[in-house]
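# Sequence below, structure please.
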Amino acid sequence: MTRGTVDVVQALLSNLQKGGRYLLAVSGGKDSMCLLHAACQIKRQRGLTLEVAHVNYNLRAESGSDLNFVREQASLCELPFHALEVTENAPAGENIENWARRIRYHFFEECIKEHHLNFTLTAHTAHDLAETLLMRLISNKEPAGIMHRDTKRSLIRPLLHVPLHKVMSYIEHNEIPYVQDHTNSQTDLLRNRVRHVLIPHLEQHFDERIAEVLSYRAESLHDDLEALNTFVARQKEHISSESWGSPAWTSSLVEILNKWGSEQALCWRLISMILAEKVGYVPGRAHSLRALEVIIGKSLACEIPNGWELRRKKGGSLLLTRDS
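Coordinates of the predicted model:
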């Protein structure tokens, strides 16, 4: 690995513009409290406007006290505080982490619009990036990273290159208080098993800086995939403007696929993008390749998760239906 270790303050100085207006996403845990303290440390130097946001999902008995803790810390820092109290439960069958993520990012987006801020700052570290990569590999999902800067959601993760030991060193040196979520130690959750079992094993037996190595590789992989997806998305614009699945539309799609020939990495991504617009989620490689067989006429039909079926009809048209 060629990249040097980045410390907390250095990371913020590199990522936050002078005069920037930022919303700090603070849960009260060690990472976000480190972000809050460090941002306040450089606030005057950079001429920053800072505000704090906290989401209480009411999933734990301590949730209310966590909210009060963050409110108190924001007050001590003399920063405006915004809180969201979630009263509904996650929909049946939906992953709780995905549900919570969707709620908080929507809240953050609303906050920065309402208060005329530039970006939301979250406290994801190099360990979070490494964990995400390992989780997706273990779960047999397409590799994906955590973006350092998400312009669509006006989001920056300034600590993404900072290893956990640097965060802990900063917290201990500055005696920063934080709350602990006891669920983070429950190893029945995949992320916690990766965090508390797999990464320590890799650190002990392979490389003590494995989280930094993996985070660097995950970011490089993300950049490569973004470039690949951008190229495919541009080619998608050349598909006929005729109605979805019509013979003319299908013919123009097949023409692009035939041009790529055996380049499956391009073909399945294009099909995945096209299907995602209809089914509401992004099908993975395996399902997209099965759909490819139908689209080019090598198969009559295939199933797509959540009850969808893609079928090729006489005349070269495609029909996408879902079980009622």
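
# From here on, just use CA atoms for contacts and neighbour counts.
Noted.

# ok, residues contacting stretch 134-144?
Residues from elsewhere that reach stretch 134-144 (CA atoms under 8 Å, 6 or more residues apart in numbering): 132-133, 190-191, 194, 218, 221-222, 284-285.

# Can you pick out the most distant pair from the residues you listed?
Farthest-apart pair in the contacts of stretch 134-144 is Val194 and Arg285; separation 24.2 Å (CA to CA).

# What segments of the stretch 151-300 of the chain are helices?
164-174, 190-193, 199-205, 210-236, 247-260, 264-279, 285-295 (DSSP state H, counting those that start in this stretch).

# Give me the below-cutoff pLDDT ranges for the stretch 201-324 of the chain.
Per-residue confidence for the stretch 201-324 of the chain (pLDDT under 70) gives these ranges: 324.

# try 90 this time
Counting by pLDDT under 90, the stretch 201-324 of the chain has low-confidence residues at 208-226, 229, 237-238, 240-242, 261-263, 280-284, 305-306, 314-316, 323-324.

# Number of residues surrounding Asn174?
Here the count is done by other CA atoms under 10 Å, and Asn174 has 12 residues near it.

# how near is it to Val167?
Taking CA to CA, to the nearest Å as the measure, Asn174 falls 11 Å from Val167.

# possible to save the contacts of stretch 134-144 as a markdown table with distance to Gln45 and neighbour count?
Formatted as a markdown table, these follow (distance: CA to CA, whole Å; neighbours: other CA atoms under 10 Å):
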| residue | distance to Gln45 | neighbour count |
| --- | --- | --- |
| Thr132 | 34 | 21 |
| Leu133 | 35 | 23 |
| Leu190 | 41 | 14 |
| Arg191 | 37 | 19 |
| Val194 | 38 | 19 |
| Ala218 | 32 | 24 |
| Leu221 | 35 | 15 |
| His222 | 33 | 18 |
| Gly284 | 46 | 18 |
| Arg285 | 48 | 18 |
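
# Just name the closest of those to Phe107, please.
The closest of the contacts of stretch 134-144, once distances to Phe107 are taken by CA to CA, is Thr132, at 22.8 Å.

# What residues sit buried inside stretch 196-208?
199-200 (16 or more other CA atoms under 10 Å).

# What are the buried residues along the helix or strand harbouring Glu72?
Using DSSP states H and E, Glu72 maps to helix 63-76. The neighbour-count check on helix 63-76 (16+ other CA under 10 Å) flags 63, 66-67, 69-71, 73-74 as buried.

# Adjacent strands (with direction) for the following helix or strand past that helix?
Sequence-wise, the next helix or strand downstream of helix 63-76 (DSSP H and E) is strand 81-85. According to DSSP bridges, strand 81-85 forms sheet pairs with strand 49-56 (parallel).

# and the angle for the partner strand with helix 63-76?
170 degrees (axes from the mean of the first three to the mean of the last three CA atoms, to 10 degrees).

# And for strand 49-56, what's in contact with it?
Counting by CA under 8 Å, 6+ apart, 19-27, 40, 43, 63-64, 67, 70, 74, 79-86, 104, 108 sit against strand 49-56.

# go on, stretch 231-249?
Under CA under 8 Å, 6+ apart, the answer for stretch 231-249 is 250, 252-253, 256, 266, 269-270, 273, 315-319.

# sorry, back to before: okay, the helices of the stretch 151-300 of the chain in CSV with distance to Arg153 next?
Below are the helices of the stretch 151-300 of the chain laid out as CSV (distance: least, CA to CA, whole Å):
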stretch, distance to Arg153
helix 164-174, 25
helix 190-193, 24
helix 199-205, 30
helix 210-236, 16
helix 247-260, 31
helix 264-279, 19
helix 285-295, 26
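
# Among those, which comes closest to Asn118?
helix 210-236 (23.4 Å).

# What are the buried residues along the closest one?
Buried, per 16+ other CA under 10 Å, within helix 210-236: 210-219, 222, 229, 232-233, 236.

# Quick check on the contacts of strand 49-56: which are buried?
Here, 16+ other CA under 10 Å leaves 21-27, 40, 43, 63, 67, 70, 74, 79, 81-83, 104, 108 buried among these.

# List the residues that contact Asp150.
Contact analysis of Asp150 by CA under 8 Å, 6+ apart lists Ile156.
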